[in-house]
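Peer 1: Model the structure of this input:
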Amino acid sequence: MITFFGALILLIGGYIFYSKFVERVFGIDDATPTPAYSQSDGLDYVPMSWWKGNLIQLLNIAGLGPIYGAVAGALYGPVAFIWIVVGCIFAGAVHDYFSGMMSLRHGGAQFPALVGRYLGKHVKTIINGVSLVLMILVAAAFTAGPAQLISQITPVSFIVALVIIFSYFALAIILPVNRIIGRIYPFLGAILLIMAGAVAVALLFSGKPIPNLTLQNLHPGDLPIWPLLMVTISCGAISGFHCTQSPIIACTVKKESEGRKIFYGAMITEGIIALIWAAAGMTFFNGTVGLQEALAAGGPSGVVNEISTSLLGTFGGILAVLGVIILPITTGDTALRSSRMILTEVLSKFFHIESKVKVLLVSIPVSVPAFFLATIDYTFLWRYVGWTNQVVATVMLWTGAMYLLKNHKFHWICGVPAIFMTAAVCTYIFYAPEGLNLDYQFSMTIGLLLTAVVVLWYVVQIIKHRNIKQHNTNYNAA
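Peer 2: Down below sits the predicted model:
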């Protein structure tokens, strides 16, 4: 119980104190017009209030991510609390803030464009492909589940349910951001908060003690904590999917000082949600063995439904059904919207995309594969979403580090978590079953060697930019 409340206090403290430090390092300027005004187009660039932006950002980046991921991560025991707190404050929230604010500073630029600007054209080309693949995987995985549940509780077949969901996607993609997303999504974002808050209160009065901190790996099967936990719990700690979503809201921000509340704040809120559901998973099933059995029997949806209905009764059951159906659909929606914006940015070099028909046509290359993947056994998709997601997060952190380095600012706030995540993804791909499935110690060695190469590149960049700064200083003095 003490560990849980301590982690909660640390997350809130991270927002109060560290977010202000990050904001000072970035350097905001409310006198500069934001893209919502300077590039207003009535579709994507539309001014919205910061509280709407915060709730929409929370919904966009979260969905069921901080619930499903946290429940799975709870299998490792209370050590998951450490990763959620440290990862969220120093990596995830920094990642989200810079992906949003850098987009804002660069006219609403999408994530691949930012990568190209600060890491080079070759990396941009790769990230364009990786980002679109991630969007397709997320859209497929986050719509197959709701469609399956709809087919189970209604006479509608699975395929018909998918068609209905993707029809909604088509409508949401071509409508201005302030129509459906701006009006409805803040209320849906509130569902996440209500679910988490209600579960937390009920958990405290359930009579079952929330486990306190232990560094022991409690995962059945004795899987190693590093680097598997860092990929299992992404939403709630750090997630690359977020940097594809932040530009959507960056195009609606009224002034730069609102960025801290919108981007950093939404990530801290997601961390709190993940913390609550991780605690619920560890506590409700009397340990990780019971949780493992529950996951094997009913999957994450079954676990969420059992916790919600048992702790909250009918109200919890309604929230669980709403959450499992609506929240993933909104994630799929914004995944396809962001992919449409990325493709539009790429294709705008060749022709102007101004009509709704062209906007819809641009969405076809990602919508069709997403629909197809959703019709097959989607559970295997999660294996590939996790690593791809964290690779994207790592690249975004390096992009932020290079942005700060180029502007002669304190680049370590992005550089240190970037090094950490580089080591995690490099080790994971060699060890994980969906990767090369190599020996753990060998995977650790290769992963750390690759990380050392990246760190060496980082050091070279630091020296290079210090020399540039010194040269400019000497030139100005002369």
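
Peer 1: In the protein, where's the longest helix?
Peer 2: Across the chain, the longest stretch assigned as helix under DSSP state H is helix 288-347.

Peer 1: Low-confidence bits of this protein, can you list those?
Peer 2: Scanning the chain for pLDDT under 70 picks out the ranges 348-360, 377-383, 471, 474-478.

Peer 1: now the strands: where do they sit in it?
Peer 2: Counting by DSSP state E, the chain has no strands to list.

Peer 1: Next up, the contacts around the nearest residue to F420 once chain neighbours are set aside.
Peer 2: Counting by C-beta to C-beta, 6 or more residues apart in numbering, A91 is the residue found nearest to F420 once chain neighbours are left out, at 7.0 Å. From N, CA and C alone the C-beta is placed, and that goes for glycine too. For A91, the contact set (C-beta atoms under 8 Å, 6 or more residues apart in numbering) comprises 237-238, 393, 397, 417, 420-421.

Peer 1: Same question for E258.
Peer 2: So E258 contacts 50, 53 (C-beta under 8 Å, 6+ apart).

Peer 1: same deal with T244?
Peer 2: 110-111, 131, 134-135, 335, 338-339, 342, 392.

Peer 1: what's the burial count for the residue nearest to it when sequence neighbours are not counted?
Peer 2: Leaving aside its sequence neighbours, T244 sits nearest to S338 (C-beta to C-beta, 6+ apart; 4.6 Å). Neighbourhood size, S338 [other C-beta atoms under 10 Å]: 26.

Peer 1: Repeat that for V25.
Peer 2: Neighbours around V25, by other C-beta under 10 Å: 18.

Peer 1: try the one 3 residues further on
Peer 2: Neighbouring residues of I28 were enumerated by other C-beta under 10 Å; the total is 17.

Peer 1: How about it: what's its closest non-neighbour residue?
Peer 2: Leaving aside its sequence neighbours, I28 sits nearest to E256 (C-beta to C-beta, 6+ apart; 4.1 Å).

Peer 1: ok, now how distant is the one you found from A36?
Peer 2: Going from E256 to A36 by C-beta to C-beta, to the nearest Å gives 11 Å.

Peer 1: These two: which is more packed in?
Peer 2: Using other C-beta under 10 Å, the more surrounded residue of E256 and A36 is A36, with 24 against 20.

Peer 1: Could you find which two of the contacts of A91 are furthest from each other?
Peer 2: Among the contacts of A91, the pair separated by the greatest distance (C-beta to C-beta) is A237 and L397, at 12.9 Å.

Peer 1: Neighbour count: those two, which is higher?
Peer 2: For the pair A237 and L397, the greater number of neighbours falls to A237 (33 against 29), based on other C-beta under 10 Å.

Peer 1: who touches the more buried one in this structure?
Peer 2: Contact partners of A237, counting by C-beta under 8 Å, 6+ apart, are 83-84, 87-88, 91-92, 230, 271, 274.

Peer 1: thinking again about what came up before, so who does the residue nearest to T244 touch?
Peer 2: 110, 135, 244-245, 247-248.

Peer 1: hey, C-alpha coordinates of stretch 451-470 in PDB?
Peer 2: Taking C-alpha atoms only, stretch 451-470 is exported to PDB below (Å, rounded to 0.1, in the frame of the first residue of the first chain):
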ATOM      1  CA  THR A 451      24.100   0.900 -27.600                       C
ATOM      2  CA  ALA A 452      27.800   1.700 -27.200                       C
ATOM      3  CA  VAL A 453      28.000   2.500 -30.900                       C
ATOM      4  CA  VAL A 454      25.000   4.800 -30.600                       C
ATOM      5  CA  VAL A 455      26.500   6.500 -27.600                       C
ATOM      6  CA  LEU A 456      29.700   7.100 -29.500                       C
ATOM      7  CA  TRP A 457      27.700   8.700 -32.300                       C
ATOM      8  CA  TYR A 458      26.000  10.900 -29.600                       C
ATOM      9  CA  VAL A 459      29.400  12.000 -28.200                       C
ATOM     10  CA  VAL A 460      30.600  12.900 -31.700                       C
ATOM     11  CA  GLN A 461      27.500  15.000 -32.200                       C
ATOM     12  CA  ILE A 462      28.000  16.800 -28.800                       C
ATOM     13  CA  ILE A 463      31.600  17.600 -29.700                       C
ATOM     14  CA  LYS A 464      30.600  18.800 -33.200                       C
ATOM     15  CA  HIS A 465      27.900  21.200 -31.900                       C
ATOM     16  CA  ARG A 466      30.200  22.500 -29.100                       C
ATOM     17  CA  ASN A 467      32.800  23.400 -31.700                       C
ATOM     18  CA  ILE A 468      30.100  25.100 -33.800                       C
ATOM     19  CA  LYS A 469      28.900  27.100 -30.700                       C
ATOM     20  CA  GLN A 470      32.500  28.000 -29.900                       C
END
